[in-house]
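Novice: here is the input, now give the coordinates:
(chains A, B, C, D, E, F, G, H, I, J, K and L)
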There are 12 protein chains.
Amino acid sequence: MSDHHTYKKIELVGSSRSSIEEAIDNALAEAAKTLSHLEWFEVIDTRGHVVDGKVGHYQVTLKVGFRIADS
Amino acid sequence: MSDHHTYKKIELVGSSRSSIEEAIDNALAEAAKTLSHLEWFEVIDTRGHVVDGKVGHYQVTLKVGFRIADS
Amino acid sequence: MSDHHTYKKIELVGSSRSSIEEAIDNALAEAAKTLSHLEWFEVIDTRGHVVDGKVGHYQVTLKVGFRIADS
Amino acid sequence: MSDHHTYKKIELVGSSRSSIEEAIDNALAEAAKTLSHLEWFEVIDTRGHVVDGKVGHYQVTLKVGFRIADS
Amino acid sequence: MSDHHTYKKIELVGSSRSSIEEAIDNALAEAAKTLSHLEWFEVIDTRGHVVDGKVGHYQVTLKVGFRIADS
Amino acid sequence: MSDHHTYKKIELVGSSRSSIEEAIDNALAEAAKTLSHLEWFEVIDTRGHVVDGKVGHYQVTLKVGFRIADS
Amino acid sequence: MSDHHTYKKIELVGSSRSSIEEAIDNALAEAAKTLSHLEWFEVIDTRGHVVDGKVGHYQVTLKVGFRIADS
Amino acid sequence: MSDHHTYKKIELVGSSRSSIEEAIDNALAEAAKTLSHLEWFEVIDTRGHVVDGKVGHYQVTLKVGFRIADS
Amino acid sequence: MSDHHTYKKIELVGSSRSSIEEAIDNALAEAAKTLSHLEWFEVIDTRGHVVDGKVGHYQVTLKVGFRIADS
Amino acid sequence: MSDHHTYKKIELVGSSRSSIEEAIDNALAEAAKTLSHLEWFEVIDTRGHVVDGKVGHYQVTLKVGFRIADS
Amino acid sequence: MSDHHTYKKIELVGSSRSSIEEAIDNALAEAAKTLSHLEWFEVIDTRGHVVDGKVGHYQVTLKVGFRIADS
Amino acid sequence: MSDHHTYKKIELVGSSRSSIEEAIDNALAEAAKTLSHLEWFEVIDTRGHVVDGKVGHYQVTLKVGFRIADS
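Specialist: Here you go, the predicted structure:
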């Protein structure tokens, strides 16, 4: 067994009509469809578009780190 | 009709006793009183003041982008 | 009485299973155990770890400012 | 006559189908409709949207500085 | 009475032949001609031009925050 | 149909002997070979190498965002 | 005697009604009440609040470095 | 043959118990398992975790650039 | 037992005549004299002074995170 | 022959009435008058002054790297 | 006569026992000994060392821009 | 004797096949060939190129500060 690991980070933008937290959840759920070993996320940017003077969607850019299998 | 638009961005600080999202909403509602064509927002900074060891108000600085009419 | 004050800022990481706001609350509550005169906070970084493809804990780094007593 | 001036900076997003330079021109032309004494601009960000795998519009965020009249 | 306020921040460049502090004063004095409820400023950038190998003018870019009336 | 989407951003470096715009085009064309739903790009860095005291190639680093299919 | 030292940096906000320099002095004076071996400071941020359209207080955030005794 | 190339950059975190250089090596070795044409790396961040008051692992975040085949 | 923890980060500058890694070790060793539960470090800045055209000491600024006991 | 080189980077501001690319060319041409071994450039900042509501000159700040002879 | 100029920027650290402004003056005076056509300066960093709990010297890092003769 | 000094900072890129520290040494050695009074360095960027999936050379960008003689 190796005494060290290597991780990869990808950058995603999750969106939600309700909250910043839900936008993060949505991005993680999408990532988990194809990636295993998701370990952490980092919020890079929070923005959104506006509809009728209110938040239409929150758009949260995050980096998601996962361990490379067998690394 | 023009094939391009110009947008202006203004910087606001919204506040709320409850949540970061509500502070964003409050700033957008204030902007919508005098501006049309609000299209997006970008969160620049999140802070707040503390009262009795708890959050008194969240203060969220955001840039709000709107299309300049007839641009 | 002095006509000016001096403040100190410390850097904390609060965590929560539920929300960014609760992670801020938890850090402030911890700070309030030993410090008086807490006046403001600034969110520096928002991240978290992932468990089973979902947010395990939000981890929010914040700076907390307090007035130095008798300053 | 004053021995100093005060300037204001506003933030605009110009767009163009053709080039970064034309997006800057378009934003300045829009600003010049309502403001006098435009003196300088600073490019803050360059981005765009993609249509059919090609640049649809360049979107250039710039700050535009102008002297406040009678300052 | 509202339990929260909204603030707007504008970006100014004040100048002075004498000092950084006076450049800040000059920008605030200009802002106060047309705006009420000025509450705080943040220095963004300090620069100047040089005449005969000496400072000709200090040019201090600052953001000035003011409360939006009736917010 | 989902009420939200998730996007992924990848980082590319496009190059061109002629212009910054063409370097962006070249990177987008390469991305479009294998990815659908390209939606936007952000210029991160502009540099190049020099040959005989002139620009040899412009090298433009950009992030390209695309919608994840079925997200 | 050790051939190396370790230093700690703390973050303070000094304030003054008169000048940026005096705000720095005030923060250092406060630090010197309880810490020895102060060696350097770094200005992180300069801001202030506004009273009647003039500077009420300068608020200067600085990091102060001091040698840890016996390090 | 094309007169220009396109490169892709990925973000990895390499780790090592021994040194920053070895953490970089480990990340590159992992990348080289599946990617050809690796050309350069950029160190983005250096951190690590602590075990018994000593460095447990160095964790070095780097971007790795590689030429896209046939680009 | 609490379902969340709070961490504090302090900023140290370690130094060494030999290497960047040893400067990190020296700072951690100093921190471990008075703090328990050290968990991670982040390198903020690497510099040094020069003696006779060679590195005299490496000076590495790092933030060290530790869990607050009973948090 | 040495197995390594040392490079120096200088900072220039090129200007042009026509385009960003020409401003880069002009700065490189100026550098090439007195320096050999120019190898790369990095765009740091793009701005310009405005004349009659149009771009007067583009001003592009760039770092230019060159190999130190015999290094 | 050329319709454009090229400028070079150098980085200096001026120091003074009295004020930030005097540290800037001292750096400009030093630059003016050997360079003509100094046109502007930009403050990059303000720091200083501490003697007996007070400011020993202000140390102001600035970039100084000058026109290259005959450019 | 003057009661203050002025320093100049230059930007170099040192390289080495072996380590980050050696790349710093190589840059300092090159600087010391033509400059006296070298006093400190600051690491700005660490990168390198990759050969056969391994580090070919470390390339470390650093600023080197030296006192201007007779300042």
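Novice: quick check: phi and psi at the residue of chain A found nearest chain B.
Specialist: In chain A, the residue found nearest to chain B is residue A:53; the distance is 3.0 Å by C-beta to the nearest C-beta. For glycine as for every other residue, the C-beta is placed from the backbone atoms N, C-alpha and C. Main-chain torsions, residue A:53, degrees, to the nearest 10: phi 70, psi 10.
Novice: now it: how far from residue C:43?
Specialist: 25 Å (C-beta to C-beta, to the nearest Å).
Novice: equivalent analysis for residue A:13, please.
Specialist: Taking C-beta to C-beta, one finds residue A:13 at 20 Å from residue C:43.
Novice: comparing these two, which residue is more hemmed in?
Specialist: Comparing residue A:13 with residue C:43 by other C-beta atoms under 10 Å in any protein chain shown, the one with more neighbours is residue A:13, at 24 against 21.
Novice: low-confidence regions, chain A specifically.
Specialist: Within chain A, the stretches with pLDDT under 70 are A:1.
Novice: closest residue of it to chain I?
Specialist: Scanning chain A for proximity to chain I using C-beta to the nearest C-beta identifies residue A:40 as nearest, at 12.1 Å.
Novice: now that residue: how far from chain H?
Specialist: Separation of residue A:40 from chain H (C-beta to the nearest C-beta, to the nearest Å): 10 Å.
Novice: for stretch A:58-71, buried residues please.
Specialist: A:58, A:59, A:60, A:61, A:62, A:63, A:64, A:65, A:66, A:67, A:68, A:71 (16 or more other C-beta atoms under 10 Å in any protein chain shown).
Novice: let me know whether the third one touches residue A:43 as I believe.
Specialist: Just to be clear, that refers to residue A:60. Yes. Between residue A:60 and residue A:43 there is a contact at 6.2 Å, judged by C-beta atoms under 8 Å.
Novice: mind listing the shared neighbours of the two?
Specialist: Counting by C-beta atoms under 8 Å, 6 or more residues apart in numbering or on different chains, the residues touching both residue A:60 and residue A:43 are residue A:24.
Novice: is the strand or helix carrying residue A:8 positioned near chain F?
Specialist: Using DSSP states H and E, residue A:8 sits within strand A:7-16. Yes. Judged by C-beta under 8 Å from any C-beta of the partner chain, strand A:7-16 comes into contact with chain F at A:10, A:11, A:12, A:13, A:14, A:15, A:16.
Novice: pull the contacting residues for the fifth one.
Specialist: The one in question is residue A:14. Here residue A:14 is in contact with A:23, A:24, A:25, A:26, A:27, A:28, A:30, A:59, A:60, A:62, F:4, F:6 (C-beta under 8 Å, 6+ apart).
Novice: ok, the third one next?
Specialist: With contacts defined as C-beta under 8 Å, 6+ apart, the neighbours of residue A:12 are A:27, A:30, A:31, A:61, A:62, A:63, A:64, F:6, F:7, F:8, F:9.
Novice: as JSON lines, the residues you listed with distance to chain D would be great.
Specialist: As requested, the contacts of residue A:12 are arranged in JSON lines below (distance: C-beta to the nearest C-beta, whole Å):
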{"residue": "A:27", "distance to chain D": "20"}
{"residue": "A:30", "distance to chain D": "20"}
{"residue": "A:31", "distance to chain D": "22"}
{"residue": "A:61", "distance to chain D": "13"}
{"residue": "A:62", "distance to chain D": "19"}
{"residue": "A:63", "distance to chain D": "19"}
{"residue": "A:64", "distance to chain D": "22"}
{"residue": "F:6", "distance to chain D": "17"}
{"residue": "F:7", "distance to chain D": "12"}
{"residue": "F:8", "distance to chain D": "14"}
{"residue": "F:9", "distance to chain D": "12"}
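Novice: these also near chain C: which ones?
Specialist: The overlap between the contacts of residue A:12 and the neighbours of chain C (C-beta under 8 Å from any C-beta) comes to A:31, A:64.
Novice: now do the strands in chain A.
Specialist: A:7-16, A:38-51, A:54-67 (DSSP state E).
Novice: show me what contacts residue A:8?
Specialist: Applying C-beta under 8 Å, 6+ apart to residue A:8 gives the contacts A:65, A:66, A:68, H:10, H:11, H:12, H:13.
Novice: mind checking how far residue A:33 is from residue F:31?
Specialist: Applying C-beta to C-beta to residue A:33 and residue F:31 gives a distance of 22 Å.
Novice: ok, those two, which is more surrounded?
Specialist: Per other C-beta under 10 Å, whichever of residue A:33 and residue F:31 has more neighbours is residue F:31, with 22 against 11.
Novice: which one is that one nearest to, not counting chain neighbours?
Specialist: Nearest residue to residue F:31 in three dimensions, chain neighbours excluded: residue F:64, at 5.2 Å (C-beta to C-beta, 6 or more residues apart in numbering or on different chains).
Novice: in chain A, what residue is nearest chain J?
Specialist: When scored by C-beta to the nearest C-beta, chain A has residue A:45 as its residue closest to chain J, at 21.7 Å.
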